[in-house]
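Colleague: here's my sequence, what's the structure:
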Amino acid sequence: MNLSERASKYLKSLNKDLKRSSNEDQTKAYLERQNIRSYDGFLRFQILYSGYELTIKDNPGHSFLASLFTQEQIRKNEILEIEKAGDRYIEVCGDHKSAQFTFFITDKGEICTLDDNDLPNILYSSFDKMLEEYALRNEIHNWDSNPYYFEVKNLEHLTTVMNNTFQVIRECSDQYVTWWRNENLIAVKGVWLDRPEPYFHVYGKERNQCDDLIERLTTKGILK
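Modeller: Got it, this is the predicted structure:
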């Protein structure tokens, strides 16, 4: 997909550790030497994003260092620890500064953790979507928020209510994550890191506006 202007500008503001990146020819040759044939997701991530550290202003605990494999691994032809999880192949793709979870990229390019059955818990359909989310959160870093992440009791009702009163931020949204906005609020329905169930979180120019939205959705039996 093509990145939004916001995400493109954000990416250009970041430094890239070239020791964690490689070009297309190097990457293809390395993967083929490892007898990895289904690798389009790995290839794209490595040449475009490996080596970047995603950050949010004034919130260093949410930094994410994207890293698939290094120049040294390629030079030494080190064996990759690619695992089979369900119907996907997965490889560790980075390190979150504070989240106590291992993040993987699938051979299809999805970003995931593993659930209790060691199956992929898909968070984003691609790293592009994760990047778009970081760019948006960085843009609104000085907004207030309700600090809690809420369980979604009725996803269908939540989607209907939000779509009727907010605009979907399409560049940040996919089948796993949906971002909405109006003039004063930005809200997200995402996936919990430990299970394939939705959460809801809201940011606002003023805290009371966030709290009012949460109260309305809770009163309607949509959140719990």
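Colleague: show the subsequent helix or strand relative to the strand or helix carrying residue 159.
Modeller: Using DSSP states H and E, residue 159 sits in helix 155-165. The element immediately downstream of helix 155-165 (helix or strand, assigned by DSSP H and E) is strand 167-168.
Colleague: report the rounded mean pLDDT for that following strand.
Modeller: The average pLDDT within strand 167-168 is 98.
Colleague: likewise for stretch 108-115?
Modeller: In this model, stretch 108-115 has an average pLDDT of 96.
Colleague: could you check how far it is from the centre of its chain?
Modeller: 10 Å (C-alpha atoms, centre = their mean, to the nearest Å).
Colleague: show the end-to-end separation of that stretch, please.
Modeller: 18 Å (C-alpha to C-alpha, to the nearest Å).
Colleague: show residues contacting it.
Modeller: 40-41, 44-45, 85, 88, 90, 93, 101-106, 120-127, 129-130, 193-196 (C-beta atoms under 8 Å, 6 or more residues apart in numbering). For every residue, glycine as well, the C-beta is placed using N, CA and C.
Colleague: of those residues, select the buried ones using a PyMOL command.
Modeller: A single PyMOL command selects the buried members of these (16 or more other C-beta atoms under 10 Å):
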select buried, resi 41+44+45+85+88+90+93+103+104+105+106+120+121+122+123+124+125+126+127+129+130+193
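Colleague: filter the contacts of stretch 108-115 down to the ones in helices?
Modeller: When the contacts of stretch 108-115 are checked against helices (DSSP state H), the matches are 40-41, 44-45, 127, 129-130.
Colleague: how about the contacts made by residue 40?
Modeller: Residue 40 is in contact with 107-109, counting by C-beta under 8 Å, 6+ apart.
Colleague: mind checking pLDDT for it?
Modeller: pLDDT, read off for residue 40, is 91.
Colleague: show me the shaky parts of this structure.
Modeller: Nowhere does the chain drop to pLDDT under 70.
Colleague: show me where it has its helices.
Modeller: Under the criterion DSSP H, the chain carries helices at the ranges 5-12, 24-33, 40-48, 71-76, 127-139, 155-165, 207-219.
Colleague: on that earlier part again, mind checking which of the contacts of stretch 108-115 land in strands?
Modeller: 85, 88, 90, 93, 103-106, 120-124 (DSSP state E).
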